[in-house]
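*Asks:* have a look; sequence and predicted model below, questions after that.
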Amino acid sequence: MRNTLSKKERLHSKKKIESVFKDGKSFFIYPIKIIYLKVADDENFGAEILITVPKRNIKSAVKRNLIKRHIRESYRITKHKLNDELIRSGRKMNIAFIFLGKIDYDFKSLKNVISKALALVLKSL
């Protein structure tokens, strides 16, 4: 399996995003809040993700984009355990990662947070 993050794995439908924020379960591992929702989808299995960094917390667009790239890369590297379990069980999940920190973080710390978050999401299955 290739280690990529395709468009199919990104959450971009307005209805899906609203349902994640409305009906999803959430937890917080500083500096990221994770909201996830198990969905019934007959076509695709696996996880779709959304990454957001609020402008109110990080003013610089360059830093916001860097944080988003770090989160995306961390997820891309550690997603296989979660996706394998979802595919094996025939399920689909929508996940939103919301960065709530006030300062920018390095890649290693964000990777640790994302791997812990995915482990907790995996336990909730």
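*Replies:* Everything's here; your move.
*Asks:* return the helix or strand in this protein with minimum mean pLDDT.
*Replies:* helix 80-89 (a mean of 88; mean pLDDT, DSSP states H and E).
*Asks:* and the helix or strand following that one, what's its mean pLDDT?
*Replies:* Later in the chain than helix 80-89, the nearest helix or strand by DSSP states H and E is strand 92-99. Throughout strand 92-99, pLDDT has a mean value of 95.
*Asks:* and strand 92-99, C-alpha only, in PDB?
*Replies:* C-alpha atoms of strand 92-99 as PDB (Å, rounded to 0.1, in the frame of the first residue of the first chain):
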ATOM      1  CA  LYS A  92     -16.000   4.500   7.300                       C
ATOM      2  CA  MET A  93     -15.100   7.400   9.600                       C
ATOM      3  CA  ASN A  94     -14.900  11.100   9.200                       C
ATOM      4  CA  ILE A  95     -12.300  12.900  11.400                       C
ATOM      5  CA  ALA A  96     -11.600  16.600  12.000                       C
ATOM      6  CA  PHE A  97      -8.300  17.800  13.500                       C
ATOM      7  CA  ILE A  98      -8.600  21.300  15.000                       C
ATOM      8  CA  PHE A  99      -5.300  22.900  16.100                       C
END
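*Asks:* who does that strand touch, helix- and strand-wise?
*Replies:* Secondary-structure packing of strand 92-99 (3 or more CB pairs under 8 Å, 6 or more residues apart in numbering; DSSP states H and E): helix 14-23, strand 32-39, strand 46-52, helix 61-78, helix 80-89, helix 107-123. C-beta: built from backbone N, CA, C; applies to glycine.
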